[in-house]
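In: Predicted coordinates and the sequence they were generated for:
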Amino acid sequence: MKKIPMVNLQPLLDVTAPQWRYNLDEMFSRAHFILGTQVAAFEREFAAEVGAKFAVGVGTGTAAIELCLREAGITDRKQEVVTSALTSPFTALAVLTAGATPRFADVEEGSLQIDCVDAACRATKRTAAFLPVHLYGQPCDLDHFRSLARALKAPLVQDACQAHGARYKGRPLTEFSPYVAYSFYPTKNLGCLGDGGAVATNRPAVAKRLAALRDGGRHNDQVSRMAAINSRLDELQACYLRAFLPRLAEWNADRRRLAAFYDDALRDVAGLRLVKRWPCSVSHLYVVRAARRDKLREHLAKQGIMTAVHYPVPLHLQPAFRDCGLKRGALPRAEKACREIVSLPLWPYMAKSDAERVADRVRAFYR
Ligand SMILES: Cc1ncc(COP(=O)(O)O)c(C=O)c1O
């Protein structure tokens, strides 16, 4: 029986091999491994691709968020940052590592994106920033979040770690705030072969300070001018990212095609509910809500089909965030979603026949 993994990166590596080999040769010929020409070139190319003026390469997506908060001066426990209860724990861990306190908002029932009305209700006089997440590749309601952030004079930091190449109403995400954080974890729409991340911004002063904040607060010397961290994108990872970047739009189109196929194949299945997506989504993950979710996953695993859950526990109920003051029942839509959601296999170059087999087996489970 042929196994179907959640993600298969091999075809992406194969089609880009000449480019990344060329970049690696260039890097080895210089023997320069930290903040050299590969990272500088990637920062320019990535900024252009996402429609930003600048990009600053950092060590992880978590660090990208943390550095945005540090740049905005949000480093005190009394400062609260409102984010989604349904996201990777790293979103809120970045708030803790910056020194601030996460506060959680519920999600919209249909799209599972952070609910801007609930986020507004959770804001207090301590609210120092909003950190909405573009979950599963779908930009959240940026018009509302921008208005909310402006009204409260609080910075808007966008967690775009799952949304490489996504635009909101056709406009680059950096038009809505000066802080857009990306992760290059290998399975992302644009991933490297280890950890990596970046912040995109249109503001030269923000880019300059972020470049210092990721590098010990230094400006190409040995003098630290601010409390900062060490979290730089490696030259090695930039070699791969520069090879993958020109394919991002094509890979996103592939993801969208597969997601649309799953939509058509699963829409009418009693026991399943589709998660609402707009055309601007870059379909990082294909997530459905499933009755008897864990049994469905067992059934698929027996047929060699891997699935995942993004995410099984809402953040306000995870031990790391127990100080947030919210108990079970406080964010009912996120809590219910965590019991029902399942992510189906999806990657660029996934064979249509594999997607058909997944959909067939899901339908068979509910028959
Ligand atoms: C929504 C979201 N935010 C933040 C992160 C953290 O990124 P990284 O793993 O690169 O630190 C991730 C990835 O895991 C993510 O999916």
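Out: Alright, I've got the coordinates.

In: Which strands and helices lie in contact with the helix or strand containing Cys68?
Out: Per DSSP states H and E: Cys68 is located in helix 61-71. Applying 3 or more C-beta pairs under 8 Å, 6 or more residues apart in numbering; DSSP states H and E, we find helix 61-71 packed against strand 54-58, helix 89-98, strand 157-159, strand 179-183, strand 197-201, helix 204-213. Bear in mind the C-beta positions are built from the backbone N, C-alpha and C, glycine included.

In: got CSV for these, with mean neighbour count, distance to Phe261 and mean pLDDT too?
Out: Shown next, in CSV, are the helices and strands packed on helix 61-71 (neighbours: other C-beta atoms under 10 Å; distance: least, C-beta to C-beta, whole Å; pLDDT from 0 to 100):
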stretch, mean neighbour count, distance to Phe261, mean pLDDT
strand 54-58, 27, 32, 98
helix 89-98, 22, 29, 98
strand 157-159, 31, 28, 99
strand 179-183, 29, 26, 99
strand 197-201, 28, 30, 99
helix 204-213, 19, 39, 98
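
In: Turn the ones you listed into TSV, columns for distance to Arg77.
Out: Listed next are the helices and strands packed on helix 61-71 as TSV, based on distance: least, C-beta to C-beta, whole Å:
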stretch	distance to Arg77
strand 54-58	23
helix 89-98	9
strand 157-159	17
strand 179-183	20
strand 197-201	23
helix 204-213	19
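
In: Distance to the ligand for the ones you listed - can I get that in a markdown table?
Out: Shown next, in a markdown table, are the helices and strands packed on helix 61-71 (distance: least, C-beta to the nearest ligand atom, whole Å):
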| stretch | distance to the ligand |
| --- | --- |
| strand 54-58 | 9 |
| helix 89-98 | 3 |
| strand 157-159 | 5 |
| strand 179-183 | 3 |
| strand 197-201 | 5 |
| helix 204-213 | 16 |
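
In: and of those, who's closest to Asn189?
Out: strand 179-183 (9.5 Å; C-beta to C-beta).

In: quick check, distance from that closest one to the centre of its chain.
Out: Mean C-alpha position of strand 179-183 versus that of the full chain (C-alpha atoms, centre = their mean, to the nearest Å) differs by 8 Å.

In: Next: stretch 305-319.
Out: 15 Å.

In: Figure out the length between the terminal residues of that stretch.
Out: 31 Å (C-alpha to C-alpha, to the nearest Å).

In: Could you tell me the phi and psi values at the residue nearest to Gln138 when sequence neighbours are not counted?
Out: Distances taken as C-beta to C-beta, 6 or more residues apart in numbering place Ser281 nearest to Gln138, at 4.1 Å, with adjacent residues excluded. Here is the backbone geometry of Ser281 (degrees, to the nearest 10): phi -70, psi 140.

In: And Ser281, how far from the ligand?
Out: In this view, Ser281 and the ligand are 14 Å apart by C-beta to the nearest ligand atom, to the nearest Å.

In: residues contacting the residue in the chain that the ligand sits nearest to?
Out: With C-beta to the nearest ligand atom as the measure, Gly61 is the residue of the chain nearest to the ligand, at 2.6 Å. Residues near Gly61 by C-beta atoms under 8 Å, 6 or more residues apart in numbering: Phe90, Asp159, Cys161, Ala181, Tyr182, Ser183, Phe184, Tyr185, Gly197.

In: 7 Å - rerun?
Out: Phe90, Cys161, Ala181, Tyr182, Ser183, Tyr185, Gly197 (C-beta atoms under 7 Å, 6 or more residues apart in numbering).

In: so what's Gln138 scoring on pLDDT?
Out: You'll see Gln138 listed with a pLDDT of 98.

In: Look at it and say how many residues are nearby.
Out: 25 (other C-beta atoms under 10 Å).

In: Correct me if wrong: it contacts Ile114.
Out: No. Taking C-beta atoms under 7 Å as the definition, Gln138 is not a contact partner of Ile114, at 10.8 Å.
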